[in-house]
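K.L.:
sequence and predicted structure are below.
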Amino acid sequence: MEKRDLKSALKPLYQPSAKKVVQVDVPAMDFLMVDGEGDPNTSQAYAEAIEALYSVAYAVKFAIKKGPLVIDYGVMPLEGLWWCDDMSTFSTLDKSNWKWTMMIAQPDFASPELVAQCIAEVARKKNPAALSKLRLSLFSEGKCAQIMHVGPFTEEGPTVEKVHQFIDARSQRVGKHHEIYLSDIRKADPAKWKTIIRQPMA
């Protein structure tokens with residue numbers, strides 16, 4: 001059986017330094033995506049979105065592992081795009097008006113047909129509440145600035161500001177605030193959580 005480490009193959013995108021902001025060019029990739037809104041800490045819709053994403057991501061992984069390709073790989077990390085309609089009101093204190101797209105990248109050898117079959121299988125076996133909201137979409141970010149944040153989400157502010165300063169000195173911010181969650185927050189010490197902070201730039 002062939003084994004592939006997708007994160008290592010995309011090392012510049014998924015293993016950035018925590019010491020300095022860097023510019024990267026992010027290629028178009030397929031993602032499982034669910035859109036929603038509300039405070040991620042309290043929103044039922046958010047919990048349901050995560051359940052649907054992981055259910056299908058693992059179904060795809062096991063279908064590829066058992067299927068004609070016989071490739072084993074680690075499921076990619078959870079990622080989130082965050083915004084609100086009026087970004088001047090975007091506050092880490094009141095998250096009730098936050099909007100989000102939660103997503104998990106899919107390998108280029110996971111065909112849309114296979115993903116559709118896996119969604120149907122998940123619907124038959126578990127049918128998580130947000131499954132009908134899940135889609136497979138090609139997402140293209142292009143030029144971005146990013147850095148690794150180490151620590152709890154509540155302490156991201158200075159790290160985000162570093163990214164913004166990096167962009168503002170060179171270009172301008174476009175697109176949505178993007179976070180990539182590399183740690184299992186159910187098990188890891190919050191002081192050691194690793195989150196990639198990414199922001200598209202013109």
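P.N.:
That came through, no problem.
K.L.:
gap between His149 and Glu156?
P.N.:
As for His149, its distance to Glu156 is 5 Å (criterion: CB to CB, to the nearest Å). C-beta here means a position set from N, CA and C on the backbone, and glycine is covered the same way.
K.L.:
the domain parsing of this structure - what is it?
P.N.:
What automatic domain parsing lists as the domains of the chain is 12-27+140-202, 29-139.
K.L.:
so which of those domains is nearest Asp5?
P.N.:
Shortest separation from Asp5 across these is recorded for domain 29-139, at 6.8 Å, computed as CB to CB.
K.L.:
now the terminal residues of the closest one, how far apart.
P.N.:
Its start and end residues considered, domain 29-139 measures 6 Å (CA to CA, to the nearest Å).
K.L.:
who does the helix of greatest length in the chain touch, helix- and strand-wise?
P.N.:
In the chain, with assignment by DSSP state H, the single longest helix is helix 44-66. Secondary-structure packing of helix 44-66 (3 or more CB pairs under 8 Å, 6 or more residues apart in numbering; DSSP states H and E): strand 29-37, strand 71-73, strand 78-83, strand 99-105, helix 112-125.
K.L.:
which residues does stretch 50-58 contact?
P.N.:
32, 34, 75-76, 78, 102-104, 106, 115, 118-119, 122, 126, 128-131, 133-134 (CB atoms under 8 Å, 6 or more residues apart in numbering).
K.L.:
mean pLDDT, mean neighbour count and distance to Lys3 for the domains of the chain - can I get that in CSV?
P.N.:
Shown next, in CSV, are the domains of the chain (pLDDT from 0 to 100; neighbours: other CB atoms under 10 Å; distance: least, CB to CB, whole Å):
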stretch, mean pLDDT, mean neighbour count, distance to Lys3
domain 12-27+140-202, 95, 16, 17
domain 29-139, 93, 16, 5
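K.L.:
ok, now which ones touch the residue nearest the centre of the chain?
P.N.:
By CA atoms, centre = their mean, the mean C-alpha position of the chain lies nearest to Glu79, the distance being 1.2 Å. Applying CB under 8 Å, 6+ apart to Glu79 gives the contacts 31, 102-105, 178-181.
K.L.:
quick check, nearest of those to Ala47?
P.N.:
Met102 (10.5 Å).
K.L.:
settle this for me: that closest one is touching Gly36, isn't it.
P.N.:
Yes. The pair Met102 / Gly36 is scored as a contact, 7.3 Å apart, by CB atoms under 8 Å.
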